[in-house]
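# Provided below are the primary sequence and the corresponding predicted coordinates.
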Amino acid sequence: MNKKRYLLSNTCPFDSVAFIITIAYTDSNLYKEFVEEQTNTVLRFCKKLASGGPRHDIYKERINILKELFTEDQGVTDVALINTECNVLFICTSLLKHVPSATEFINCPNLKCASTKYASPTIILKFSNRFKDLENDLKTYTKEKVKECSKCNDVMAISKRELGQHLIIETDSYSENRTFILTEFPTEVNVEGNL
């Protein structure tokens with residue numbers, strides 16, 4: 001990269017997210033169409049990775065993406081060190097905020113309150129029966145709810161969540177001292193007519 005050499009460490013969270021998106025891109029025509037329309041840096045990176053596999057320009061692009069999030073340490077050699085130590089949640093909230101897993105729309109009947117939109121790169125679900133009822137849990141997550149307006153505090157607002165084209169579900173709060181096998185996770189989930 002401009003004759004500068006880099007050494008990245010602890011890239012597993014970024015690589016895991018990129019790998020999952022790349023696999024989804026190759027496995028699903030619907031998701032592929034979604035990615036093709038996006039300008040998000042990570043999605044474009046994953047598209048290139050799916051198209052040609054790991055190669056020199058992919059490694060350069062990976063460095064450029066991670067340089068935006070983490071600091072360079074010049075050390076004592078001519079090799080720039082970048083420690084990308086973090087977790088998957090940090091990668092998702094930093095790099096996928098404009099292509100969220102869900103978007104919440106809050107509408108207050110008070111005319112003084114503007115409608116609000118919150119993008120969520122990941123979603124947190126309360127699993128009712130491990131992963132067996134994931135479809136119903138997602139329906140509960142997207143179900144319209146009435147809650148107090150955070151702006152005027154005295155009027156009940158309507159909250160509705162819409163799922164995005166990909167779902168990154170946080171499971172760490174659910175997985176304490178538990179193990180799961182991949183076959184417990186459903187291969188297809190239908191929520192409001194979307195697979």
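In hand now; what should we look at?
# Can you name the residues in contact with the biggest strand by length in the chain?
Using DSSP state E, we find that the single longest strand of the chain is strand 156-163. Strand 156-163 is contacted from outside by 101-109, 113, 123, 138, 141-142, 144-150, 191-192, 194, using Cβ atoms under 8 Å, 6 or more residues apart in numbering. For glycine as for every other residue, the C-beta is placed from the backbone atoms N, C-alpha and C.
# Which of those are buried, as a PyMOL select command?
Selecting only the buried entries of the contacts of strand 156-163 in PyMOL, with 16 or more other Cβ atoms under 10 Å as the criterion:
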select buried, resi 101+102+104+106+108+113+123+138+141+142+149+191
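# Which ones among the contacts of strand 156-163 map onto helices?
Counted as lying in helices by DSSP state H, out of those, are 138, 141-142.
# Dump those residues to TSV, plus pLDDT.
Output for the ones in helices among the contacts of strand 156-163, formatted as TSV (pLDDT from 0 to 100):
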residue	pLDDT
Leu138	90
Tyr141	91
Thr142	92
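# Specify which member of these is nearest to Asp57.
Leu138 (37.4 Å; Cβ to Cβ).
# Which pLDDT value goes with the nearest residue to that closest one once chain neighbours are set aside?
In space, and not counting its chain neighbours, Leu138 is closest to Val191: 4.6 Å by Cβ to Cβ, 6 or more residues apart in numbering. If you check Val191, the pLDDT there is 74.
# How about the contacts made by Val191?
135, 138-139, 142, 163.
# chain center to the longest strand of the chain, what's the gap?
Offset of strand 156-163 from its chain centre (Cα atoms, centre = their mean, to the nearest Å): 20 Å.
# May I have the strands that pair with it, each with its orientation?
Sheet pairing of strand 156-163 (DSSP bridges) gives strand 102-107 (antiparallel), strand 145-148 (antiparallel).
# Could I get the buried residue list for the longest helix anywhere in the chain?
Longest helix of the chain, by residue count under DSSP H: helix 12-27. Applying a neighbour-count criterion of 16+ other Cβ under 10 Å, one finds 13-14, 17-18, 21-22, 24-25 buried in helix 12-27.
# Pick the one among the contacts of Val191 closest to Leu96.
Leu163 (13.9 Å).
# From Val155, how far out is the closest one?
Noted for Leu163: a distance of 27 Å to Val155, by Cβ to Cβ, to the nearest Å.
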